[in-house]
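S.K.: build me a model from this:
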Amino acid sequence: MTTDQQQKRQERLIACRAAVDRAREGDNVQQQCLALIDLGAALFQTRMFEEGVATLDEAEELAATLDDAPFLAHCLGLKAAAYQDIVRFHNAYEVIDRVLALAETHGDQGMKCDALVTQAQTLASSGEPVIALDKLKEARALANQLDDKRRLMQTLGALGNIKAALAA
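M.R.: Numbering: from 1, shown residues only. Next comes the predicted model:
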C-alpha cells in the first residue's frame, strides 16, 4: 500500500469519527447507526479490527432497539459487506444468517430472498460455488413465487456470475 493510500484511509477514519460524534449529538438513531457502520468499515481498512468489530456490533445493537426490521436488515447487510471487504467471509455469512432469521420472524419473503442472494454471493467468493448455487435456486423460487421481477433479475445476475466463474 502506498503512503498516499494510507493517508487517505487515515483521513477517512478521522472523518468517520467526526461523523459519529456529530450523529451522537443529535437524536436520530438511524443516522448514528449508519455513521457507526461507516466508522467500523474505516477501522477495518486501517487494520484496527477489534475496534472495528466493536463499532459494528454497537451499530447492530442500536439498530435493534428501533423496532424497524427493514432498517436492521439494511444495517446487517452493510455490516456483512464490511466483513466481505476484509475477506472475512465466515463473519459475513453469519451476519446474513441473522438477516434470514429476521426475515423468518417477520414473515418478510422479500428480505429472505435478498439475504439468500447475499449468502450465495458470499459463499461463491469464499470458494463454495456449489452451496451458493443451492442458495440461489431457493432465492429464484422465492422471487418467482413473489412475482418480483427486480429480485428475480438480481438472483439471475448472481447465478450468471457464479456459473461464469465455475466455467472459468
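
S.K.: centre of the chain to stretch 44-54, how far?
M.R.: Centroid displacement of stretch 44-54 relative to its chain, using Cα atoms, centre = their mean, to the nearest Å, is 16 Å.

S.K.: okay, buried residues for that stretch please.
M.R.: Judged by neighbour count (16 or more other Cβ atoms under 10 Å), stretch 44-54 contains these buried residues: 44-45, 52-53. In this view, the C-beta of every residue, glycine as well, is placed from N, C-alpha and C.

S.K.: least confident pick among those residues?
M.R.: Lowest-confidence member of the buried residues of stretch 44-54: Gln45, scoring 94 (pLDDT).

S.K.: possible to save the buried residues of stretch 44-54 as a markdown table with distance to Thr3 and secondary structure?
M.R.: Output for these, formatted as a markdown table (distance: Cβ to Cβ, whole Å; DSSP: H, G, I helix; E, B strand; the rest coil):
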| residue | distance to Thr3 | secondary structure |
| --- | --- | --- |
| Phe44 | 20 | helix |
| Gln45 | 15 | helix |
| Gly52 | 22 | helix |
| Val53 | 27 | helix |
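
S.K.: among these, find me the one that's closest to Ala64.
M.R.: Nearest to Ala64 among those, counting by Cβ to Cβ, is Val53 at 16.4 Å.

S.K.: enumerate every residue touching the closest one.
M.R.: Shown in contact with Val53 (Cβ atoms under 8 Å, 6 or more residues apart in numbering): Gly40.
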